[in-house]
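**Q** return atomic coordinates for the entry below.
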Amino acid sequence: MEVWCKPITASVFRHTKRAEQDTNRITLHTGRNMTDAFQVLFRDSMQAFTVKGYRVDGVPDGMTVSGCAQGYEVYNDGLAYPDRLTGKTDVAVASNATQGYIFRVKTDMPEGAVPCLYPITVTMQIANADGTETEMPVYLQVYVHKAQIPSPDHSAFGHEYFFRMAGDDETNIAYANAMRELRVNSLYVNAVPLLCKGGTKKIGAHSWHFDFSAFDHFVNLFLTHGSFRMLTITGIIHPVDGKQITAIDEAGKGCSMPIFTEDADMEAASAWAAAFYGSIAAHCKEMGWHTMLQFHLEDEPHTTESWLWARTICKQAAPGVPCTEPIDTLGIGRALGDACDIPVPRLEVFDTDREYYTSHRAAERAVWCYSCCYPEEPWWLNKFIDLPARYARMIKWACYAQDISGFLHWGFNFWSEDSLYGLTPNARFKGDGFIVYPNTETENKGVLMSNRGLATTMGLEEWELLHQLGEKDAALAKTMACRVARTFRAFAEDPAALDDTRREVLFMLDTL
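**A** Just a heads-up that it's a prediction; the model follows:
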């Protein structure tokens, strides 16, 4: 029986063997209100065995150490990719196979605590195929530094996921809890279905009765269980071609209205857009949410006509509410210009048109970035399952290095059985539609985190470390960020660079 440790930056497959330098010891460097993780690997060339669970000794107050078996996603290339954090503490392992076990370390030491090294012992409990039982120790040292990470709703960095709402509160609460763990602080609100559910109806040629009861229930639930500072209302213009908008009819159902076509009733469309934007803005002001509010208008517009039409109406109906938009083609960002308060170019669009977005930032205006399917080449940082999970973490270092103030990933829980991004073995964009898994493995409802989600959380917390360092020495913080990732396609290939730089930044914050 072999047991050894690896940093979480390493992607360990089932055919991996122990290297000479691998031991059953590992040291982590973290701060207060931070997340860190490590892997314990098991392999026996003689017999099958079962990992039954673990025992942890020496954990100080204010720290939790929790583990689960690593899950593997098998695609049509034949590889079993490590990604799902199963939630299970027991797992059967075949002979000559390597099984991973992921431990997450979360620290909430009291404010003002001095840096300290804590020795912890994790004892793995093994049941062998021959009926014998074995206990295998793993020695963990956790160095807790002075730095403290703010809660997501107090972060200067924005983070948003597109997601599918659940039909019941219990599942939506599980989503909100997962978003808190992922440091999601921009709540994506698909408003039209919620308005329909509440009883909103068209009551005249150009007028609507709005009922916000379901909308309020949804928002309040997520605000209660999550940690949000922004409400982002999804666009009513159909994505890409922009020739339809989603409206609500006399029966209180969602419907489509044409715009900028021969059969379009632009007066009716404009009336609906004004009523939609204006009513949401007025209601959010009444609820005390107006400072959180922003609108998406279309999602990936490929022409400007529809978007600029909606922006003009939104500016009149909801003055002062910013509009932000994912942009997936070159030229659209420049064409929308200052009308788009917060452009969100896709990674390769930002990289290719860096001059424009740099000028936008130079005018002290925010720029976010996002990922959605593309770029799919392996030399880009992205969140695909078949890329190293640490890439999801390094994205945030690249954001800091380039003064990008927020990140949007379209896929939180799109688990559809399709050939592009879903759960099927022939998915082209492996895992791009989801960062969490549906929990079908344990009795608890809700979702299971992924390695990519864990890396996302860690990267966002590391952005906070860089931000704190930058407040003391801006040039030094940029230098440290660039050591990990200068851009989304210029980054350190050595996994150790990530943990080494994190450790150095933590020590710097201890002394500066």
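**Q** where do the helices sit along the protein?
**A** 169-181, 191-198, 213-225, 266-287, 305-317, 332-336, 347-352, 354-362, 390-401, 451-472, 474-484, 496-511 (DSSP state H).
**Q** out of those, which gets the lowest mean score?
**A** Mean pLDDT is lowest for helix 354-362 among these, at a mean of 89.
**Q** what helices or strands is that helix leaning on?
**A** Taking 3 or more Cβ pairs under 8 Å, 6 or more residues apart in numbering; DSSP states H and E as contact, the helices and strands that helix 354-362 lies on are helix 332-336, strand 342-345. (Glycine included, C-beta is placed from N, CA and C.)
**Q** buried deepest among the helices of the chain, which one?
**A** Most buried of those, by mean neighbour count (mean count of other Cβ atoms under 10 Å): helix 390-401, with a mean of 26.
**Q** my guess is residue 23 contacts residue 3. True?
**A** No. Taking contacts as Cβ atoms under 8 Å, residue 23 lies outside contact range of residue 3: 9.6 Å.
**Q** of those two, who's got more company?
**A** Set side by side, residue 23 and residue 3 show more neighbours around residue 3, with 21 against 13, by other Cβ atoms under 10 Å.
**Q** per-residue confidence for the more buried one?
**A** 97.
**Q** can you report how many residues lie near the nearest residue to it once chain neighbours are set aside?
**A** Sequence neighbours aside, residue 136 is the residue nearest to residue 3 in space, at 4.4 Å (criterion: Cβ to Cβ, 6 or more residues apart in numbering). Neighbour count for residue 136, taken as other Cβ under 10 Å: 17.
**Q** verify the stated contact: residue 136 with residue 123.
**A** Yes. With contacts counted by Cβ under 8 Å, residue 136 reaches residue 123, the gap being 7.1 Å.
**Q** bridging residues for residue 37?
**A** residue 104 (DSSP bridges).
**Q** relative to residue 324, how far out is it?
**A** Counting by Cβ to Cβ, to the nearest Å, the gap from residue 37 to residue 324 is 32 Å.
**Q** how does this protein divide into domains?
**A** 2-146, 158-318 (automatic domain parsing).
**Q** for these, give me TSV that also has distance to residue 365.
**A** TSV is the format used below for those (distance: least, Cβ to Cβ, whole Å):
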stretch	distance to residue 365
domain 2-146	30
domain 158-318	13
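**Q** out of the ones you listed, nearest to residue 450?
**A** Proximity to residue 450, assessed across the domains of the chain by Cβ to Cβ, is greatest for domain 2-146 (5.0 Å).
**Q** the stretch 101-250 of the chain: strands as residue ranges?
**A** 116-128, 133-148, 158-161, 186-189, 201-204, 207-209, 230-233, 244-248 (DSSP state E, counting those that start in this stretch).
**Q** residues contacting the fourth one, please?
**A** Strand 186-189 is touched from outside by 158-163, 215, 218-219, 222-223, 226, 228-234, 406, 408, with contacts defined as Cβ atoms under 8 Å, 6 or more residues apart in numbering.
**Q** go again using 6 Å as the cut-off
**A** Identification of contacts with strand 186-189 by Cβ atoms under 6 Å, 6 or more residues apart in numbering yields 158, 160, 162, 222, 228, 230-233.
**Q** and the third one, by the same measure?
**A** Contact partners of strand 158-161, identified using Cβ under 6 Å, 6+ apart, comprise 183-186, 188, 406-409, 412.
**Q** for the residues you listed, which one is nearest residue 264?
**A** Taking the contacts of strand 158-161 together and measuring to residue 264 by Cβ to Cβ, the closest member is residue 188, at 28.0 Å.
**Q** what is that closest one paired to in the beta sheet?
**A** residue 232.
**Q** now for it, how many residues are close by?
**A** 22.
**Q** and the gap between it and residue 432?
**A** Taken as Cβ to Cβ, the span from residue 188 to residue 432 is 16 Å.
**Q** check contacts around residue 393.
**A** Per Cβ under 6 Å, 6+ apart, neighbours of residue 393: 455, 458-459.
**Q** try 7 Å
**A** By Cβ atoms under 7 Å, 6 or more residues apart in numbering, the contact set of residue 393 is 455-456, 458-459, 498.
**Q** now the residues you listed as JSON lines including distance to residue 8?
**A** What follows is those, written out as JSON lines (distance: Cβ to Cβ, whole Å):
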{"residue": "455", "distance to residue 8": "7"}
{"residue": "456", "distance to residue 8": "12"}
{"residue": "458", "distance to residue 8": "8"}
{"residue": "459", "distance to residue 8": "11"}
{"residue": "498", "distance to residue 8": "9"}
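**Q** farthest-separated two in those?
**A** So, those by Cβ to Cβ: farthest apart are 456 and 498, at 13.5 Å.
**Q** so who does residue 11 touch?
**A** Contacts of residue 11 by Cβ under 7 Å, 6+ apart are 82, 388-389.
**Q** skipping adjacent residues, who's closest to residue 166 in space?
**A** Closest to residue 166 by Cβ to Cβ, 6+ apart is residue 172, at 4.8 Å.
**Q** about what we covered before: which residues do residue 23 and residue 3 both contact?
**A** With Cβ under 7 Å, 6+ apart, residue 23 and residue 3 have no common neighbours.
**Q** that older thread, what about the helices and strands packed on helix 354-362, which gets the closest to residue 8?
**A** strand 342-345 (28.2 Å).
**Q** how far out from the middle of the chain is stretch 372-389?
**A** Mean-position distance between stretch 372-389 and its chain equals 14 Å (Cα atoms, centre = their mean, to the nearest Å).
**Q** who touches that stretch?
**A** Residues contacting stretch 372-389 (Cβ under 7 Å, 6+ apart): 11, 73, 81, 83, 346-348, 371, 391-392, 394-395, 398, 409-410, 421, 429-432, 451-452, 455, 485, 488-489, 491.
**Q** distance between the ends of it?
**A** 16 Å (Cα to Cα, to the nearest Å).
**Q** list the contacts for residue 243?
**A** Per Cβ under 7 Å, 6+ apart, neighbours of residue 243: 258-261.
**Q** hmm, back to that, dump the strands of the stretch 101-250 of the chain into a markdown table; add mean pLDDT and distance to residue 178 as well.
**A** Formatted as a markdown table, the strands of the stretch 101-250 of the chain follow (pLDDT from 0 to 100; distance: least, Cβ to Cβ, whole Å):
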| stretch | mean pLDDT | distance to residue 178 |
| --- | --- | --- |
| strand 116-128 | 96 | 25 |
| strand 133-148 | 96 | 23 |
| strand 158-161 | 98 | 10 |
| strand 186-189 | 98 | 13 |
| strand 201-204 | 96 | 34 |
| strand 207-209 | 96 | 34 |
| strand 230-233 | 98 | 18 |
| strand 244-248 | 97 | 27 |
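**Q** for those, give me CSV that also has distance to residue 64.
**A** Shown next, in CSV, are the strands of the stretch 101-250 of the chain (distance: least, Cβ to Cβ, whole Å):
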stretch, distance to residue 64
strand 116-128, 11
strand 133-148, 11
strand 158-161, 23
strand 186-189, 26
strand 201-204, 49
strand 207-209, 49
strand 230-233, 29
strand 244-248, 44
